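*Asks:* sequence? don't have it. structure:
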């Protein structure tokens, strides 16, 4: 893909099967569109698995549930998740998801691995 001035000037075509899953704080992610692609938002396919509570200082995340059921904890609030549920997570909100979930995560500005901060479990 050719980039000009931090913007892309050609359509971007990505197939999830071509992206190797990587472990993240939320489970296993496939980063389909990244900030490095010159786009204003990132898109990640997420399979929730053994997620850890964390937050972002800059990125707003939109979780759109594609498949499965589960829950997400947002600070002290617990929300049930099922297909076609959308959750908007502003910067600073501690969050962790659980269940058998496949989620499309949209990050604005694009997700940056340096902008995720793990929350230590309190006993």
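*Replies:* In hand now; what should we look at? As the structure is a computational prediction, the values presented were derived from the model and not from experiment.

*Asks:* for the chain, which spans come out with low pLDDT?
*Replies:* Low-confidence segments of the chain (pLDDT under 70): 1-8, 121-123.

*Asks:* how far away is residue 67 from residue 45?
*Replies:* Distance, residue 67 to residue 45, by CB to CB, to the nearest Å: 11 Å. Where you see a C-beta, it was placed from the backbone N, CA and C, and this is true even at glycine.

*Asks:* need the overlap of contacts for those two.
*Replies:* residue 102 (CB atoms under 8 Å, 6 or more residues apart in numbering).

*Asks:* look at these two and report which has more neighbours.
*Replies:* A count of neighbours by other CB atoms under 10 Å puts residue 45 above the other of residue 67 and residue 45, at 18 against 11.

*Asks:* now do the contacts for the more buried one.
*Replies:* The neighbours of residue 45, taking CB under 8 Å, 6+ apart as the test, are 16, 19, 29, 30, 32, 102, 103, 104, 105.

*Asks:* for the residue nearest the centre of the chain, which non-adjacent residue is spatially closest?
*Replies:* The residue lying closest to the centre of the chain (CA atoms, centre = their mean) is residue 105, at 3.7 Å. Once flanking residues are discounted, residue 105 sits nearest to residue 44: 4.4 Å by CB to CB, 6 or more residues apart in numbering.

*Asks:* nothing else from me, thank you.
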